[in-house]
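In: sequence below, structure please.
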Amino acid sequence: MVEGNVIILLMDEVSPQEVKNISFPELVEITGYLMLYRIGGFTTLNDLFPNLAIIRGQNLFKDYSLI
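Out: As a prediction, this is how the structure comes out:
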């Protein structure tokens, strides 16, 4: 669980081969928001967060919990 926000930024010039081993399988819950901006190489969020079940959004970014 992450108590707070998860922000991943500026990975736009990354190939799928470079990120194929990046994963957070133990992350199940985020209490804040999840922000992804200009990330490349991933075809689905399931590759990055295979077991993420809930984004609580206790604090939001401009009224959103997934950006």
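In: only C-alpha atoms for contact and neighbour calcs from this point on.
Out: OK.
In: who's in contact with the closest residue to residue 19 other than its chain neighbours?
Out: In space, and not counting its chain neighbours, residue 19 is closest to residue 41: 6.3 Å by C-alpha to C-alpha, 6 or more residues apart in numbering. Neighbouring residues of residue 41 by C-alpha atoms under 8 Å, 6 or more residues apart in numbering: 12, 14-19.
In: again, but for residue 30
Out: 1-6, 54-57.
In: same thing but 6 Å
Out: If you count contacts by C-alpha atoms under 6 Å, 6 or more residues apart in numbering, residue 30 has them with 1-2, 55.
In: inside strands: which ones of those?
Out: When these are checked against strands (DSSP state E), the matches are residue 55.
In: for the contacts of residue 30, pick the one with the most neighbours.
Out: residue 55 (17 neighbours; other C-alpha atoms under 10 Å).
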